[in-house]
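# generate coordinates for the sequence data below:
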Amino acid sequence: MYCKKLIGEKCYLSPMNVDDYEKYTEWVNDMEVAAGMLFASQIVTKEREKETIETLSKEYNFAIVDIKTDQLIGNIGFPKIDYINGVAEVGLFIGNKEFWGKGYGQDALKLALDFGFNILNMHNIYLRVYSYNKPAISCYKKVGFKEAGRIREAKRIAGERYDEIIMDILEDEYESIYIKKIISEKNF
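Take a look at the predicted model:
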């Protein structure tokens, strides 16, 4: 069962359900899914993934759930948060390939940014992506992320070298469309 913590147009964010560990294990061991992720070289057992989900569920990480079918499609969250300086890293994972290229990543990312800037009070939210992951880079740019830097030739895969790109967005570059609307409608 999922709870609608933040509701977007295509999906909603819910607290993670530890019982979903088997689905996540399937996804992270699918090379087509894992190739775009930082953990592609890891072999993940059900036990290890369950431990990972248990840890993630205690922090600011959310399940991404399709709004029409209540089907789990991935997760999004903040694996690193620097509260003193107001800087956080965001990570996005769409494991269900049926939902790729349909705007779910953008919708989930907008919800996470709204939460990060308006609830966690972050000033800068950044992410890391490999240069070969063109669909992800396109998604991030559409949401407003800009390239902040590169670690050149940081990833070797299939005999080729690729850059690790760091992209970020500042709080004044993002227009809240969810949380500010809730606050203004409720007249808190």
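# could you use CA atoms for every contact and neighbour count after this?
Fine.
# A strand includes residue 167, no?
Yes: with DSSP: H, G, I helix; E, B strand; the rest coil as the criterion, residue 167 is located in a strand.
# for it, give its distance to residue 90.
Separation of residue 167 from residue 90 (CA to CA, to the nearest Å): 10 Å.
# and if you look at residue 183?
Counting by CA to CA - residue 183 and residue 90 are separated by 24 Å.
# and these two? Which one has more around it.
residue 90 (22 against 10; other CA atoms under 10 Å).
# where along this structure do the strands fall?
Remark: strands assigned in the chain by DSSP state E are 6-7, 11-15, 61-66, 72-82, 87-94, 124-130, 146-157, 160-170.
# what helices and strands are in contact with the longest helix anywhere in the chain?
Assignment by DSSP state H gives helix 104-118 as the longest helix of the chain. When contacts are defined as 3 or more CA pairs under 8 Å, 6 or more residues apart in numbering; DSSP states H and E, helix 104-118 sits against strand 11-15, strand 72-82, strand 87-94, helix 134-143, helix 179-186.
# closest one to residue 171 among these?
Of all those, it is strand 87-94 that lies closest to residue 171, at 10.2 Å by CA to CA.
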